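Peer 1: give me coordinates for this.
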Amino acid sequence: MNPLDALTVTRASLDDWHHVAEWAADEGWNPGSGDTACFHPTDPAGFFLGRIDDKPVSALSIVTYSPRYAFLGYYLVHPGHRRKGLGLATWRAAFPHAGDRTVGLDAVPAQQATYRRSGFVTAHDTIRYSGRPERTGAPTAPGVVPVTPAHLDAIAAYDQECFPADRRAFLTRWLSAPGHTAYAYLRDGEIAGYGVIRPARSGHRVGPLFADTAEGAEALFDALVGAVGADEEVCVDVPEPHGAGHALVLGRGLKASSHTVRMYTGAVREVRAERGFGVTSLELG
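Peer 2: Residues are numbered from 1 along each chain as shown. Next comes the predicted model:
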């Protein structure tokens, strides 16, 4: 039987998506250990799983953040079922969920041409830096404080200037998830940056890392990595145009380990890109 004839694509449950996260980890994406529990409730209808004889074989998420913006991720086919057209069939079943929204994604370079054929346009590269960061040995800088529920409103408002949609509900989970450590940078009592570090299959991931200034980003980065063991490897994804972001992580001893390509299907609401020292997640934007 043609495997395409046997493929069924349905919305995936939270439990289903834990299996997909394992596929992503096996591909070397190094997702955070608790990402699924934070990601899936953002848009439960936006996670799709392809099955043959009830066995999961393909996946794709397309999370709608707002009436104008969605983000595509986890475009995967299980290694034993590739080169059979199952990925494209899953894409065609899932993509209408985005409606007429602009869709963003982070592509592996080898798939960039494929996404162009589907209407995506390259915006910039994103560089992943990894390694054991050099520690400053200094105490937490003035103005850096642990995030508490009292900060949520101000952080959500700050984040909305850094990200193309309001994602308060997601941040409520992201800032307080088990294993996540979040710090805010305050200037004159106002939020001037924030960052999160979380455990992953390998080491820890920093994201987002947003700040008004390089000094604020450095203070946040040092506090975040100071919250994990000195032998732990850390990775952070830095947008290619952000020179100060690259200088920060290189100055702390991290090295470029891979890169992806940010692409969009259309116009995206303007954000304060200069604040974006590190992206939240390559899977959810």
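
Peer 1: output the lowest mean pLDDT helix or strand found in this structure.
Peer 2: None of the helices or strands of the chain scores lower by mean pLDDT, DSSP states H and E than helix 3-6, at a mean of 72.

Peer 1: now do the strands in the stretch 101-250 of the chain.
Peer 2: 102-107, 121-131, 144-146, 181-187, 190-199, 204-211, 234-239 (DSSP state E, counting those that start in this stretch).

Peer 1: which residues are contacting the helix or strand that the least confident helix or strand of the chain is followed by?
Peer 2: Using DSSP states H and E, the helix or strand that directly follows helix 3-6 along the chain is strand 7-11. Applying CB atoms under 8 Å, 6 or more residues apart in numbering, the contact partners of strand 7-11 are 44-45, 47-52, 57-58, 86, 89-90, 93-94. Every residue, glycine included, has its C-beta placed from N, CA and C.

Peer 1: how far is the very next helix or strand once past strand 7-11 from where the chain is centred?
Peer 2: Toward the C-terminus, strand 7-11 is succeeded by helix 14-26 as the next helix or strand (DSSP H and E). Offset of helix 14-26 from its chain centre (CA atoms, centre = their mean, to the nearest Å): 15 Å.

Peer 1: quick one: helix 14-26 to strand 7-11, angle?
Peer 2: 110 degrees (axes from the mean of the first three to the mean of the last three CA atoms, to 10 degrees).

Peer 1: just the buried positions in helix 14-26, please.
Peer 2: Neighbour counts over helix 14-26 (16 or more other CB atoms under 10 Å) mark 16-17, 20-21, 23-25 as buried.

Peer 1: and if you look at stretch 59-72?
Peer 2: 59-65, 68-72.

Peer 1: which other residues reach that stretch?
Peer 2: 12, 17, 20, 23, 39, 42-43, 46-50, 73-77, 87, 90-91, 94-95, 97-99, 101-105, 164-167, 268-269, 283-285.
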